[in-house]
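Q: 3D model of this:
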Amino acid sequence: MSENTYQPPKVWEWNQSNGGAFANINRPISGATHEQALPVGHHPLQLYSLGTPNGQKVTIMLEELLAAGVTEAEYDAWLIRIGEGDQFSSGFVEVNPNSKIPALSDHSTTPPTRVFESGNILLYLAEKFGHFLPKDPAGRTETLNWLFWLQGSAPFLGGGFGHFYNYAPVKIEYAINRFTMEAKRQLDVLDKQLARGRYVAGEEYTIADIAIWPWYGNVVLGNVYGADEFLDAQSYKNVMRWAQDIASRPGVKRGRIVNRTNGPLNEQLHERHDASDFDTHTEDKRQQS
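A: Residues are numbered from 1 along each chain as shown. Presented below is the predicted three-dimensional model:
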């Protein structure tokens with residue numbers, strides 16, 4: 001049915017065939033669909049995730065902590081294949097009742113502390129280890145301003161623009177125009193902020209950068225949706241400078257490939273249980289062994 005003739009019914013009913021690319025996993029109810037315990041590795045921090053922008057936030061944070069010498073931030077990263085419904089297992093729902101990646105279980109506490117929502121995981125790790133969150137009230141507040149900006153804005157970029165531009169089963173001009181306008185407005189907000197300093201919250205690298213880069217940095221660098229030309233990404237000069245700067249960080253280079261299952265094989269590390277895995281267990285090496 002075309003966008004011009006559709007009339008919503010008085011009461012909406014779920015029709016799985018209308019779900020497009022994600023019809024097999026999207027549903028209007030919560031809770032587990034099957035019994036399955038989550039694996040637990042040797043490190044206190046157990047991450048259950050996928051290398052989407054939201055997943056990259058946490059693996060970049062953990063790799064940046066390790067690069068800063070925080071050995072207590074060693075972690076196991078287990079792959080959750082959301083296309084196959086792993087997020088609806090009883091074990092995953094116990095860690096995150098919202099069935100969204102990433103989810104973290106901190107076994108350094110008794111009982112283990114569950115942490116879900118990617119922004120909250122960043123805040124939890126920053127406070128736990130004392131890195132990437134300014135201690136002065138003004139700096140902390142400005143960092144959290146931008147962390148929460150990302151949490152509120154990214155759904156328009158991903159679930160709005162990214163979905164209708166890249167994933168929707170049909171191209172709907174109104175929806176693409178609506179969300180393109182908002183995506184470009186957000187890029188303009190970010191560009192003007194980055195004209196004021198090297199990083200999003202000022203001159204210090206913080207969890208605001210770690211949260212925002214996997215979304216907006218990846219978009220302008222052409223790493224998601226293939227929409228950099230469509231969005232005229234080069235016109236956002238401050239965002240582009242910042243995106244390239246962040247991309248060059250060793251912790252970002254490592255973190256962005258953890259739990260990743262698409263792209264070049266040498267940029268896919270399906271699971272990470274030790275720092276040596278980056279040298280020995282990327283998909284190109286694993287498939288050759």
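Q: can you pull out the strands in the stretch 51-200 of the chain?
A: Under the criterion DSSP state E, counting those that start in this stretch, strands of the stretch 51-200 of the chain are mapped to 75-79, 103-106, 113-116.
Q: would you reformat these as a markdown table and include mean neighbour count?
A: Yep, even glycine has a C-beta here, placed from its N, CA and C like the rest. Rendered in a markdown table, the data for the strands of the stretch 51-200 of the chain read as follows (neighbours: other Cβ atoms under 10 Å):
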| stretch | mean neighbour count |
| --- | --- |
| strand 75-79 | 23 |
| strand 103-106 | 24 |
| strand 113-116 | 17 |
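Q: can you redo these as a markdown table, where the extra columns are distance to residue 217 and mean pLDDT?
A: Compiled in a markdown table, the strands of the stretch 51-200 of the chain are given as follows (distance: least, Cβ to Cβ, whole Å; pLDDT from 0 to 100):
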| stretch | distance to residue 217 | mean pLDDT |
| --- | --- | --- |
| strand 75-79 | 21 | 98 |
| strand 103-106 | 22 | 98 |
| strand 113-116 | 23 | 98 |
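Q: turn the ones you listed into TSV, columns for distance to residue 93.
A: Formatted as TSV, the entries for these read as follows, by distance: least, Cβ to Cβ, whole Å:
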stretch	distance to residue 93
strand 75-79	15
strand 103-106	9
strand 113-116	10
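Q: and of these, who's closest to residue 251?
A: Go through the strands of the stretch 51-200 of the chain one by one with Cβ to Cβ and the one that ends up closest to residue 251 is strand 75-79, at 12.9 Å.
Q: and that closest one, what does it pack onto?
A: Contacts defined by 3 or more Cβ pairs under 8 Å, 6 or more residues apart in numbering; DSSP states H and E place strand 75-79 against strand 45-49, helix 53-67.
Q: export those to TSV and tack on mean neighbour count?
A: Formatted as TSV, the entries for those read as follows, by neighbours: other Cβ under 10 Å:
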stretch	mean neighbour count
strand 45-49	25
helix 53-67	25
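Q: could you pull out the buried residues of stretch 163-183?
A: Buried positions in stretch 163-183, judged by neighbour count with 16 or more other Cβ atoms under 10 Å: 163-165, 175-176, 179-180, 183.
Q: for the most centrally placed residue in the chain, what are its contacts?
A: Residue closest to the mean C-alpha point of the chain, counted by Cα atoms, centre = their mean, is residue 54 at 1.1 Å. Contact partners of residue 54, counting by Cβ atoms under 8 Å, 6 or more residues apart in numbering, are 100-102, 118, 154, 214.
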